[in-house]
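Asks: Below are the sequence and a predicted model for it; my questions follow.
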Amino acid sequence: MPTIIMQQHFNAPPETVFDTLCDHAKFGQLTGANITRIKDGQAPYANGLGSVRRINLFPLPSFDETVVMYEPGKRMEYIISRGSPLKDHRGVMRFESENGGTRLDYSITFEPRLNVPFAGKLLKSVIEYPIRKGLERLARRYQK
């Protein structure tokens, strides 16, 4: 199963980083993806448990991700719930206090839907690159 593991330090409190990365629209802006929340999560967290975001990555068909675990300031997990060339996809973001800031541990696991040689490797790079670059840009915003 292809796995993406990213770790990033931010010079900001966990709640601040969490609020940015777990806001669907802000996450889309960071990664350059067109992301729209199509279903609100359980009150009072619109981007929280049960929320659904639609991701449009032209020229691919859109797909939906659903938040399946939400602990404000600490953890968010999501799965692909509709569409996508991936199956058994799960994203996990964990936020920990570290050296006066935040350490993000972000993992994504998935399987390619099509059994094509090197599909997992290709999809891994397509998924990882914009997220990693977005996390690095956000970390630079918080530099002292």
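Replies: Structure's in. What do you need?

Asks: residue contacts, the spatially closest residue to residue 62 that is not a sequence neighbour?
Replies: Residue nearest to residue 62 in three dimensions, not counting chain neighbours: residue 56, with 4.6 Å by C-beta to C-beta, 6 or more residues apart in numbering. For every residue, glycine as well, the C-beta is placed using N, CA and C. Applying C-beta atoms under 8 Å, 6 or more residues apart in numbering to residue 56 gives the contacts 33, 34, 35, 36, 62.

Asks: pLDDT score assigned to residue 56?
Replies: We have a pLDDT of 88 for residue 56.

Asks: Is it bridged to anything, and to what?
Replies: Residue 56 forms beta bridges with residue 34, as assigned by DSSP bridges.

Asks: And it, how far from residue 88?
Replies: Distance, residue 56 to residue 88, by C-beta to C-beta, to the nearest Å: 22 Å.

Asks: same deal with residue 143?
Replies: 37 Å.

Asks: Which residue of these two possesses the greater neighbour count?
Replies: Applying other C-beta atoms under 10 Å to residue 143 and residue 88 shows that residue 88 carries more neighbours, namely 12 against 8.
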